[in-house]
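Peer 1: Below is the structure, and that's it, no one-letter string:
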């Protein structure tokens, strides 16, 4: 479920995190593509929303593509914490009816309570929240214990650099839209999402380490294999959170190709891998995304 994390939600981890220790720099060469014609060049860069400190990726071809671009587009522009908290309170609260714990299958309740306790979260703290929010919280809150730091995520780095350089910075979606994708899922799917998260927690560190290794070595095929394995468990969620969004972003790129200039697009690496990737949707629009080798 790691591919569903959003940069704004990653800030939740800070409430439960111990400081992450700095590490020696390690070279990373994530995959990079370009779609271009005579007067327009659009770079496609896959990100990991949270990383361990010490990876050197914002250099070489990635830096060159960013530096040549006048416009930087992320999945969304992260709102301030108060705004994000307000959106969550608006969308994720269920004030009446059975509690979240009561909605869970009986054989999952003990594992759910234990997972919350291990993270220092009171057992009943999320009982009035929707299942999708509990699933995301369990995952994000556990990341610092695995050495992952929300402040080291690629979007934070790119956003900070773009603001300092005075580059135009925009989002393909809004934070409210992204939260809405989760909130619009039928409750049975949300509960399936939460149960899957509970079951996957013991292997979360191994899964995200594998994904980051694939990303850092520029291996989208390996990344796609990891994602597709988990997609088979909840294909309906994959459609909403991956495939449908990729199709819309391909449409945005198609439209943007009609305006001269250079654009650097950075979205979650899972969106640029697999048979329903942004590149696959671009191909349906007769646009070719060429891999930049470096």
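Peer 2: Noted; the coordinates are in hand. What you see is a predicted model, and the numbers here were worked out from it, not measured in a lab. Numbers count the residues shown, from 1 in each chain.
Peer 1: three-state assignment of the residue located most distally from the centre of the chain?
Peer 2: Ranked by distance from the centre of the chain (Cα atoms, centre = their mean), the top residue is residue 38, with 32.1 Å. Secondary structure, DSSP: H, G, I helix; E, B strand; the rest coil: residue 38 is coil.
Peer 1: what are the phi and psi angles of it?
Peer 2: Here is the backbone geometry of residue 38 (degrees, to the nearest 10): phi -60, psi -30.
Peer 1: do the one 5 residues further on as well
Peer 2: According to degrees, to the nearest 10, the main-chain angles of residue 43 amount to phi -90, psi 140.
Peer 1: List the contacts of it.
Peer 2: Applying Cβ atoms under 8 Å, 6 or more residues apart in numbering to residue 43 gives the contacts 32-34, 65-66, 69, 262-265, 292. No exception for glycine: its C-beta is placed from N, CA and C like everyone else's.
Peer 1: same check, this time on residue 217
Peer 2: Listed by Cβ under 8 Å, 6+ apart, the contact partners of residue 217 are 28-29.
Peer 1: Which pLDDT value belongs to it?
Peer 2: Per-residue pLDDT puts residue 217 at 96.
Peer 1: what about the host helix or strand of residue 207, distance to the chain center?
Peer 2: Using DSSP states H and E, residue 207 falls within helix 204-216. Averaging C-alpha positions (Cα atoms, centre = their mean, to the nearest Å) puts helix 204-216 13 Å from its chain's average.
Peer 1: So which elements touch that helix?
Peer 2: Helices and strands touching helix 204-216, by 3 or more Cβ pairs under 8 Å, 6 or more residues apart in numbering; DSSP states H and E, are helix 220-231.
Peer 1: how close does residue 225 get to residue 123?
Peer 2: Going from residue 225 to residue 123 by Cβ to Cβ, to the nearest Å gives 36 Å.
Peer 1: and what of residue 151?
Peer 2: Distance of residue 151 to residue 123, computed by Cβ to Cβ: 29 Å.
Peer 1: what does residue 95 give?
Peer 2: Applying Cβ to Cβ, the value for residue 95 to residue 123 is 19 Å.
Peer 1: Same drill for these two, tell me which one is more crowded.
Peer 2: Ranked by neighbour count (other Cβ atoms under 10 Å), residue 95 and residue 123 place residue 123 first, with 14 against 5.
Peer 1: In this structure that one contacts residue 113, no?
Peer 2: Yes: using Cβ atoms under 8 Å, residue 123 makes contact with residue 113 at a distance of 4.7 Å.
Peer 1: Which neighbours do those two have in common?
Peer 2: residue 101.
Peer 1: wait, which of the contacts of residue 43 is closest to residue 187?
Peer 2: Relative to residue 187, the closest of the contacts of residue 43 is residue 265; by Cβ to Cβ it sits at 33.4 Å.
Peer 1: list the contacts for the closest one?
Peer 2: Going by Cβ under 8 Å, 6+ apart, residue 265 touches 42-45, 73, 172, 249, 253.
Peer 1: backbone phi and psi for it, please?
Peer 2: Reported as degrees, to the nearest 10, the phi and psi values for residue 265 are phi -100, psi 130.
Peer 1: Numbering from 50 from now on, please.
Peer 2: With 50 as the first residue, the last one maps to residue 314.
Peer 1: which residues pair with it across the strands?
Peer 2: Applying DSSP bridges to residue 314 gives these bridge partners: residue 93, residue 122.
Peer 1: Quick check: it vs residue 179, distance?
Peer 2: For residue 314, the distance to residue 179 equals 30 Å [Cβ to Cβ].
Peer 1: Backbone torsions only: list them for residue 96.
Peer 2: phi -110, psi 160.
Peer 1: For the residue lying closest to it once chain neighbours are set aside, give me its contacts.
Peer 2: Closest residue in space to residue 96, ignoring its immediate chain neighbours: residue 203 at 3.6 Å, by Cβ to Cβ, 6 or more residues apart in numbering. With contact taken as Cβ under 8 Å, 6+ apart, residue 203 is in contact with 94, 96-98, 100, 106-107, 315.
Peer 1: Low-confidence ranges, the stretch 150-299 of the chain, go.
Peer 2: In the predicted model of the stretch 150-299 of the chain, residues 277-281 satisfy pLDDT under 70.
Peer 1: go with 50
Peer 2: Applying pLDDT under 50 to the stretch 150-299 of the chain flags no residue at all.
Peer 1: All the strands of it, residue numbers only.
Peer 2: Along the stretch 150-299 of the chain, counting by DSSP state E, counting those that start in this stretch, strands occupy 217-220.
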